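> Fold the stuff below for me.
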Amino acid sequence: MKFLSSENLVENAVRKTLTSYFGRQVEIYLSGALGGGCISNASKIETSEGTFFLKWNADVPIDLFLREADGLKALKQAAGDHLLIPDVIAAKAVDEIPGFIVLEYLEAGSFSRNSDEILGRGLAHIHKFSNKQYGFDHSTYCGSTPQNNSWNNDWVTFYRDNRLRFLIELIREKRSLSAEENKIYLQLLDRLQQIISEDSTPALIHGDLWSGNYMATVKGPAIIDPACSFCDREMEFGIITMFGGFSNKFFNAYNEVYPLPVEWKDRNALYQLYHVLNHYYLFGGGYRNQALQIAKGYL
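Numbers count the residues shown, from 1 in each chain. Predicted coordinates for the structure are as follows:
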């Protein structure tokens, strides 16, 4: 396994971590870079204990891979046998050595005739995994954006303060918002109680489920790269509908298991707003105006 300097540090750390995990010396024989990652380096590693997926980075929040590991474990518990979630083998925080996560390697496959139905039904079962409050045991990340998951009993308050207001404050610090934009967003935050349904139940959501975060494997569809928390499940559909890639078969299968409220589409853009604002925070550009137009649409 031939690494550059920082990669060499990762190799040694991965070897030590896997040795501790399996309780015997693990050798890494081969590594091959994988494409498709937006933020981190990804590799398929061949070891004396089998084949694994490795993702690593030094230039990310310190605990990003630890939080990803926790999210995957929660999703796997919620999904049961209904949807494939990769097993977490190990995860390491960023310090003088880049952080990383080692996962079960899922062999790429092709989408079958019933993949969309499996994905829809599987997600519905995950959403049935509930909790007493909204939030999560710790902060998580949507991309590299931190999410404030402090617990709250009220969904409107959680979405207003822990999601929209929190993100708007991050945007003010990193980019810019005019006085008029600030006024519009504050007006929207004040109106949320009138827009969002009070009939809400905390549901475990993936949190960043766009088409790039599910994949076809030889074992069926799988979901990866979570931004987990317990939210109103309608929030999941903000990102699902933002870029497309989810068929009518997916929605029909979901609704067979856990029907969405008839009026969920009326609120869908409101949940898209969080992700549009996040894209503005991360990438800038036209997302700024797109977010503003969504906000105005609810005033």
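
> how about the strands in this structure?
Assigned by DSSP state E, the strands in the chain fall at 28-34, 41-47, 50-57, 88-92, 99-104, 140-142, 145-147, 203-205, 214-217, 220-223, 229-231.

> what comes into contact with the fifth one?
Contacts made with strand 99-104 from outside it, assessed by C-beta atoms under 8 Å, 6 or more residues apart in numbering, are listed as 10, 13-14, 17-18, 45, 52-58, 60, 62, 64-66, 68-69, 72, 86-93. Backbone N, C-alpha and C define where each C-beta goes, glycine included.

> Write the PyMOL selection for whichever of the residues you listed are buried.
Entered in PyMOL, the line below selects the buried ones among the contacts of strand 99-104, by 16 or more other C-beta atoms under 10 Å:
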select buried, resi 10+13+14+17+18+45+52+53+54+55+56+57+58+60+64+65+66+68+69+72+86+88+89+90+91+92
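
> hey, C-alpha coordinates of the helix of greatest length in the chain in CSV?
Scanning the chain for the helix with the most residues, using DSSP state H, yields helix 264-283. Listed next in CSV are the C-alpha coordinates belonging to helix 264-283 (Å, rounded to 0.1, in the frame of the first residue of the first chain):
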residue,chain,number,x,y,z
TRP,A,264,-46.9,17.4,3.1
LYS,A,265,-46.1,19.1,-0.2
ASP,A,266,-47.4,22.4,1.1
ARG,A,267,-44.5,22.4,3.5
ASN,A,268,-41.9,20.8,1.4
ALA,A,269,-40.2,24.0,0.2
LEU,A,270,-39.9,25.1,3.8
TYR,A,271,-37.7,22.1,4.5
GLN,A,272,-35.9,22.5,1.2
LEU,A,273,-35.0,26.0,2.6
TYR,A,274,-32.6,24.5,5.1
HIS,A,275,-30.6,22.7,2.5
VAL,A,276,-30.6,25.6,0.0
LEU,A,277,-29.3,27.8,2.8
ASN,A,278,-26.7,25.2,3.6
HIS,A,279,-25.6,25.1,0.0
TYR,A,280,-25.3,28.9,0.1
TYR,A,281,-23.2,28.6,3.2
LEU,A,282,-20.9,26.0,1.6
PHE,A,283,-20.8,27.1,-2.0
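
> mind listing what's buried in it?
For helix 264-283, the neighbour count (16+ other C-beta under 10 Å) marks 267-282 as buried.

> Please apply the same query to stretch 116-131.
Going by neighbour count (16+ other C-beta under 10 Å), the buried part of stretch 116-131 is 116-127, 129.

> now stretch 164-181
Going by 16+ other C-beta under 10 Å, stretch 164-181 has these buried residues: 164, 166, 167, 168, 170, 171, 177, 181.

> give the contact list for the third one.
Contact partners of residue 167, counting by C-beta under 8 Å, 6+ apart, are 145, 274, 277, 278, 281.

> same thing but 6 Å
Contacts here follow C-beta atoms under 6 Å, 6 or more residues apart in numbering; on that basis residue 167 touches residue 277.

> What pLDDT does the model give it?
What the model reports as pLDDT for residue 167 is 98.

> swap in the fifth one?
Taken from the predicted model, the pLDDT recorded for residue 170 is 97.

> How are the helices of the stretch 1-150 of the chain distributed by residue range?
Remark: helices assigned in the stretch 1-150 of the chain by DSSP state H, counting those that start in this stretch are 5-22, 64-79, 115-127.

> Mind putting the ones you listed into TSV with distance to residue 40?
Shown next, in TSV, are the helices of the stretch 1-150 of the chain (distance: least, C-beta to C-beta, whole Å):
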stretch	distance to residue 40
helix 5-22	11
helix 64-79	8
helix 115-127	24
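
> nearest to residue 135, of the ones you listed?
Among the helices of the stretch 1-150 of the chain, helix 64-79 comes nearest to residue 135, with 12.5 Å by C-beta to C-beta.

> Give me the domain ranges for the protein.
Domain ranges of the chain: 5-104, 115-297, per automatic domain parsing.

> can you pull the contacts of residue 73?
Residues in contact with residue 73 (C-beta under 6 Å, 6+ apart) are residue 88.

> Give me the residues contacting the one helix or strand in the chain whose mean pLDDT sits lowest.
Counting by mean pLDDT, DSSP states H and E, the chain has its least confident helix or strand at strand 28-34, which shows a mean of 75. Defining contact as C-beta under 6 Å, 6+ apart, one finds that strand 28-34 is touched by 1, 15, 42, 43, 44, 45, 46, 47.

> Give the buried subset of the residues you listed as a ChimeraX selection command.
To isolate the buried members of the contacts of strand 28-34 in ChimeraX, using 16+ other C-beta under 10 Å:
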select :1,15,42,43,45,46,47
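
> now for the contacts of strand 28-34, which pair is the farthest apart?
15 and 42 (17.9 Å).
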